[in-house]
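A.B. asks: this one's sequence-less:
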Ligand SMILES: CC(C)(COP(=O)(O)OP(=O)(O)OC[C@H]1O[C@@H](n2cnc3c(N)ncnc32)[C@H](O)[C@@H]1OP(=O)(O)O)[C@@H](O)C(=O)NCCC(=O)NCCS
């Protein structure tokens, strides 16, 4: 699915990606072993820009996903955030993101992008629950979701295969309306 308007917090802008946004920089993010070490795409990264553009097109055509590009004020595309597995009946969805441009890590952009998409999901889509999962050592992701207002929901053992071992780890998170204080705090912080 796509929307025409931009989501904005004054520092970053999110808009639905188009196949024309796909270029070598975006392709290299997905092929960079540091960026993709905790992403499923590492198992089968796209081979070229055409394959990646087809992925964007196919994702936009899905009824259960929004794929947003993350842009900073000078218009540079620095990463993506995806609201996926949207269940209209259960009013829930899953969030995943990457800041592909490593020079922009640690500047708060992931936290901002998560807050913006969470607000979109809760207000415009009327969802009531969001989840995100990350490998346990992925402290950057873990902390970004915490700062954006998510709460720890549990740990799933052997959820992902990591470096071909069985000792992979996963952490499940939820952002729940059952935590009214956290929910209000989220909007005040926004
Ligand atoms: C994980 C990722 C999204 C974090 O993005 P980011 O924009 O650097 O995150 P933020 O700047 O919003 O930082 C959020 C918090 O995490 C901390 N953090 C960021 N990277 C970290 C790291 N590698 N190790 C430990 N803490 C880290 C920040 O310091 C900040 O916490 P603080 O304010 O208490 O200091 C980014 O590194 C990334 O895209 N990595 C590759 C793809 C990926 O792993 N995606 C997540 C899959 S679930």
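C.D. replies: Sure thing, it's come through. Everything numeric here is computed off the predicted structure, so don't read it as measured data.

A.B. asks: drop to CA atoms for contacts and neighbour counts, all remaining ones
C.D. replies: Noted.

A.B. asks: Point out the residues in the chain that sit beside the ligand.
C.D. replies: Contacts of the chain with the ligand, taken as C-alpha under 6 Å from any ligand atom, map to 35-36, 38-39, 96-100, 105-111, 133-134, 139-141, 143-144.

A.B. asks: List buried residues within those.
C.D. replies: Neighbour-count burial within the residues of the chain next to the ligand applies to 35-36, 38-39, 96-100, 109-111, 133-134, 141, 144; the criterion is 16 or more other C-alpha atoms under 10 Å.

A.B. asks: Now, these that are in helices?
C.D. replies: 109, 110, 111, 141, 144 (DSSP state H).

A.B. asks: Going by residue numbers, what spans are helices in this structure?
C.D. replies: Under DSSP H, the chain gives helices at 24-31, 49-61, 109-119, 139-147, 180-189.

A.B. asks: most packed of the ones you listed?
C.D. replies: helix 109-119 (a mean of 23; mean count of other C-alpha atoms under 10 Å).

A.B. asks: contact partners of it?
C.D. replies: In this structure, residues lying in contact with helix 109-119 by C-alpha atoms under 8 Å, 6 or more residues apart in numbering are 7-9, 12, 14, 70, 81, 83, 95, 97-99, 130, 144-145, 147-149, 186-187, 190.

A.B. asks: again, only using 7 Å
C.D. replies: Here helix 109-119 makes contact (C-alpha atoms under 7 Å, 6 or more residues apart in numbering) with 7, 99, 144, 145, 147, 148.

A.B. asks: got those residues as JSON lines, with pLDDT columns?
C.D. replies: What follows is the contacts of helix 109-119, written out as JSON lines (pLDDT from 0 to 100):
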{"residue": "7", "pLDDT": "98"}
{"residue": "99", "pLDDT": "98"}
{"residue": "144", "pLDDT": "93"}
{"residue": "145", "pLDDT": "91"}
{"residue": "147", "pLDDT": "91"}
{"residue": "148", "pLDDT": "91"}
